[in-house]
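*Asks:* Model the following, please.
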Amino acid sequence: MPNGVKLQAIDTNFTLKDHIYNVLLEAILAMDIYAEDADLRLDERNLAEQLGISRTPVREALARLEQNDFVVIQPRRGVFVRRKSLDEVLELIIVWAALESMAARLAAERASDPGLKSLRAMALKYSGDDARLKISEYSEDNIKFHQRILELSGCSMLKSVADGLFLHMHAVRRRAMGEGNRVSKSVVEHIEIIEALESRDPDLAALRVREHTMRLHDHVRMTWMELDQSVENNAAAL
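*Replies:* Numbering: from 1, shown residues only. Model (predicted):
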């Protein structure tokens, strides 16, 4: 499975349900599930062998992953990582825009000066050229940048809800970051967000974050039209 899920074997003493679930979830999140050649099939026997455990806890973890909308289990056919439809992806982005814009509003009011400096330090690691040359590294730091805004909001419940949503946004952001000139735009827009936060202007900070995320929405809406066909093809193959 060259493009499939990759797991690290674990000690047989570590068979707690949460641990197995987290190992599988992290492996799924590391996959580029929206790539055209993505191998979305998960083989229960192979997973158990990689982990060095029996199939029962793997089966239980996969059932939990299905409940949380990460996989689809088809009796007698197999388990597949769930790739969302275009409409679902667009809705995810809209909800994320709402949550992060509120986080930015709160961060402008509540974040400490050192906290905002840490955000600027994250952004200044890259120029537009650096980000393009280090696309994989920048993609991961881009995710950390947005998570940091949630932390600076000082609202733990808001961050908790956003963290759950972001697990599903992770692969979306990874693919979109490598398309067109989104990397260069992202670098510039991050600085604009930071400047709004540093000016302690809640309205402007919320606006900058919302505009930034909704540009991702517009990009996906205009360029990911093949996603629904891909989802249909995967469903037909099951």
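*Asks:* which residues of the chain score low on pLDDT?
*Replies:* 1-4, 6-16, 128, 130-133, 228-238 (pLDDT under 70).
*Asks:* Can you show me the helices along it?
*Replies:* 17-29, 44-51, 55-67, 86-110, 113-123, 128-133, 135-152, 156-177, 182-198, 202-223, 226-237 (DSSP state H).
*Asks:* which one of the ones you listed lies closest to Arg76?
*Replies:* Comparing those by their distance to Arg76 (CB to CB), the top pick is helix 44-51, with 12.5 Å. Backbone N, C-alpha and C define where each C-beta goes, glycine included.
*Asks:* now for the closest one, which elements pack on it?
*Replies:* helix 17-29, helix 55-67 (3 or more CB pairs under 8 Å, 6 or more residues apart in numbering; DSSP states H and E).
*Asks:* what angle separates it from helix 17-29?
*Replies:* 100 degrees (axes from the mean of the first three to the mean of the last three CA atoms, to 10 degrees).
*Asks:* List the buried residues for helix 44-51?
*Replies:* Within helix 44-51, the residues scored as buried using 16 or more other CB atoms under 10 Å are 47-48, 50-51.
*Asks:* Can I get those residues in a markdown table including distance to Arg41?
*Replies:* Shown next, in a markdown table, are the buried residues of helix 44-51 (distance: CB to CB, whole Å):
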| residue | distance to Arg41 |
| --- | --- |
| Leu47 | 11 |
| Ala48 | 15 |
| Gln50 | 14 |
| Leu51 | 17 |
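*Asks:* if we take the residues you listed, which one ends up nearest to Leu165?
*Replies:* Distances from Leu165 to the buried residues of helix 44-51, taken by CB to CB, are shortest for Leu47, at 25.8 Å.
*Asks:* What distance do you get for that closest one to Gly115?
*Replies:* 40 Å (CB to CB, to the nearest Å).
*Asks:* now Arg105
*Replies:* Computed as CB to CB, the Arg105 to Gly115 distance reads 15 Å.
*Asks:* if you count what's nearby, which of these two comes out ahead?
*Replies:* With neighbours defined as other CB atoms under 10 Å, Arg105 and Gly115 compare such that Arg105 has more, 21 against 15.
*Asks:* Roughly how far does that one sit from Leu158?
*Replies:* Distance, Arg105 to Leu158, by CB to CB: 10 Å.
*Asks:* rewinding a little: closest one to Glu36 among the helices of the chain?
*Replies:* helix 226-237 (7.6 Å).
*Asks:* Domain-wise, how is this structure divided?
*Replies:* Domains of the chain are assigned by automatic domain parsing as 17-82, 86-223.
*Asks:* can you put these in CSV and add distance to Val5?
*Replies:* Formatted as CSV, these follow (distance: least, CB to CB, whole Å):
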stretch, distance to Val5
domain 17-82, 5
domain 86-223, 13
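*Asks:* I'd like the helices of the chain written out as TSV, with distance to Pro75 added.
*Replies:* Shown next, in TSV, are the helices of the chain (distance: least, CB to CB, whole Å):
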stretch	distance to Pro75
helix 17-29	19
helix 44-51	12
helix 55-67	12
helix 86-110	23
helix 113-123	46
helix 128-133	45
helix 135-152	35
helix 156-177	25
helix 182-198	40
helix 202-223	32
helix 226-237	15
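*Asks:* Of those helices, give the one that comes closest to Arg77.
*Replies:* Closest approach to Arg77 among the helices of the chain (CB to CB): helix 226-237, 9.0 Å.
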